[in-house]
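[1] prediction below, plus the sequence it came from.
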Amino acid sequence: MKINNTPYDILAKELSGSASTSEKAQIQKWLDSSAQAKDEYEVFAEIWQDRFFGEEDQMLINQEEVGKQIWEAVFEPVTAKRPNWIRSNIGNLLKVAAVLIVIASAILANEIDFFSGAETNEVASKIIEKETLPGQKSTITLPDGSIVWLNSGSKISYSSNFGQENRDIHLTGQAFFDVFKNPKMPFVVDCRNVKVEAVGTSFDVDALALHEIQISLVTGKVKLKTDRGKNGQKNEMTLLPGQFSIVKGNSISEPDTFNVEEVLAWKNGKLIFHDLTLEEIIPTLELWYGVEIQNQTKLKKRKHFFGTFEKESLERVLHNVGLSMGFDYEFHDDIVILK
């Protein structure tokens, strides 16, 4: 069933973990088509997650109750959390709710294995890699319904059996994870020497720096683990919403609070420079715009810059930073010279 370009039947399968490989590809194509598609996905994912699981993260075991919960979610009054498009799409919501109920009933009857997926893989698993080059960013929906925002110059890799036996994923660079809730199968991000374990939560992992990794938790709860160091440094830490920790070597710092807007600026298309020197700004611009910047300036005074840019061109950013710090710039294809 496809109404207003929304594949409701396939969407229901995706949420329940029973979509085939080709169906998952259709969902990804739909998600990439518009901002409203992402909004719809988030609403339906919330309905499935909140209504299909009980308060103690246990699956509802009564078929009649499952149906009742999903129908109530569909008819839930429009609130500040619900986009306006719901007002005019009640009929479509009813259709996807019907499909959700059918799938929920099948799960309860053991016809679909929700936690391991519908497809059985009789061949050896393969490693799937998703990578962004400097100047690029991407949004990726994993087989379990979790969503990953991948920053420039970053990469994730995971098994083709992801979501069947485990939900382990390897990260190089920086990514924001919005994890689909599955209490029976933790979501584990392996980044250099630290493992970030979650069940259903959203968090940012920044390993762009060479010698440290910052983990910032937005919602839910995560556990950080490293190997214990020679000096017995702390090797396990739990973060609560609004907290971050820095991992250096095998040591994990005590949790501290962070500015959500600044940490997630890259995900929302913003460059935020808070009290940074030119030497600190240049690597960010190189990664963001996919260029090489040669610093030939001879600034007599070490200046600091404050500024926010949203979806601005590199030339516009350099113009403003240059006016503040006192330098000019020249473009030579993919090389920028500051002088």
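    Nice, I can see it.
[2] contact partners for residue 200?
    49, 179, 180, 181, 182, 183, 220 (Cβ atoms under 8 Å, 6 or more residues apart in numbering). Using the backbone N, CA and C atoms, a C-beta is placed for each residue, glycine as well.
[3] grab the nearest non-local neighbour of it.
    Setting aside the residues directly before and after it, residue 200 is nearest to residue 181 in space (Cβ to Cβ, 6 or more residues apart in numbering), at 2.7 Å.
[4] which one of the contacts of residue 200 sits closest to residue 283?
    residue 179 (28.8 Å; Cβ to Cβ).
[5] pretty sure the closest one sits against residue 146.
    Yes. Assessed by Cβ atoms under 8 Å, residue 179 is found in contact with residue 146 at 4.8 Å.
[6] measure the residue nearest to residue 200 to residue 220 for me?
    To residue 220, residue 181 is 9 Å away according to Cβ to Cβ, to the nearest Å.
[7] joint contacts of residue 179 and residue 146?
    residue 187.
[8] need the helices for the chain, in chain order.
    Ranges of helices within the chain are 8-16, 21-31, 35-52, 63-74, 90-108, 260-263, 278-289, 314-325, based on DSSP state H.
[9] mean pLDDT lowest where, among those helices?
    For the helices of the chain, mean pLDDT drops lowest on helix 63-74, to a mean of 50.
[10] buried residues in stretch 27-35?
    Residues of stretch 27-35 classed as buried: 27, 30, 31 (neighbour count, 16 or more other Cβ atoms under 10 Å).
[11] now do the same contact list for the first one.
    Remark: with contacts taken as Cβ under 8 Å, 6+ apart, residue 27 is in contact with 7, 10, 11, 14, 19, 41, 141.
[12] let me know the closest of the buried residues of stretch 27-35 to residue 242.
    The closest of the buried residues of stretch 27-35, once distances to residue 242 are taken by Cβ to Cβ, is residue 31, at 27.8 Å.
[13] residue 275 and residue 307, how far apart?
    10 Å.
[14] residue 235: how many residues sit nearby?
    Counted by other Cβ atoms under 10 Å, the residues lying close to residue 235 total 17.
[15] count the neighbours of the residue nearest to residue 200 for me.
    For residue 181, the neighbour count with other Cβ under 10 Å is 20.
[16] quick one, what contacts residue 275?
    By Cβ under 8 Å, 6+ apart, the contact set of residue 275 is 304, 305, 306.
[17] out of those, who's nearest residue 329?
    Nearest to residue 329 among these is residue 305, at 14.3 Å by Cβ to Cβ.
[18] now do the closest one, the pLDDT please.
    pLDDT, read off for residue 305, is 91.
[19] neighbours of it, how many?
    When neighbours are counted by other Cβ under 10 Å, residue 305 registers 16.
[20] that one contacts residue 279, correct?
    No. Using Cβ under 8 Å, residue 305 makes no contact with residue 279, being 11.1 Å away.
[21] residue 281: what's it in contact with?
    Applying Cβ under 8 Å, 6+ apart to residue 281 gives the contacts 273, 305, 321.
[22] if you could redo that for residue 171, that was the one I meant.
    Residues in contact with residue 171 (Cβ under 8 Å, 6+ apart) are 154, 155, 156, 189, 190, 191, 205, 207.
[23] which of those fall in strands?
    155, 156, 189, 190, 191, 205 (DSSP state E).
[24] can you tell me who the closest residue to the fifth one other than its chain neighbours pairs with across the strands?
    Counting by Cβ to Cβ, 6+ apart, the nearest residue to residue 191 once its immediate chain neighbours are dropped is residue 171, at 4.5 Å. Bridge pairing for residue 171 (DSSP bridges) gives the partners residue 156.
[25] where does the stretch 51-200 of the chain have low pLDDT?
    Per-residue confidence for the stretch 51-200 of the chain (pLDDT under 70) gives these ranges: 51-124.
[26] filter the ones in strands among the contacts of residue 171 down to the buried ones.
    156, 189, 191, 205.
[27] and the last one, how far is that from residue 31?
    Right, the one you point to is residue 205. 22 Å.
[28] again, but for the second one
    Residue 189 sits 21 Å away from residue 31 when distances are taken as Cβ to Cβ.
[29] follow-up on the earlier one: need the max-distance pair from the contacts of residue 171.
    Between any two of the contacts of residue 171, the greatest separation by Cβ to Cβ is 14.1 Å, found for 154 and 190.
[30] what comes up buried for stretch 263-279?
    Buried residues in stretch 263-279, counting neighbours by 16+ other Cβ under 10 Å, are found at 263, 264, 265, 266, 267, 271, 272, 273, 276, 278.
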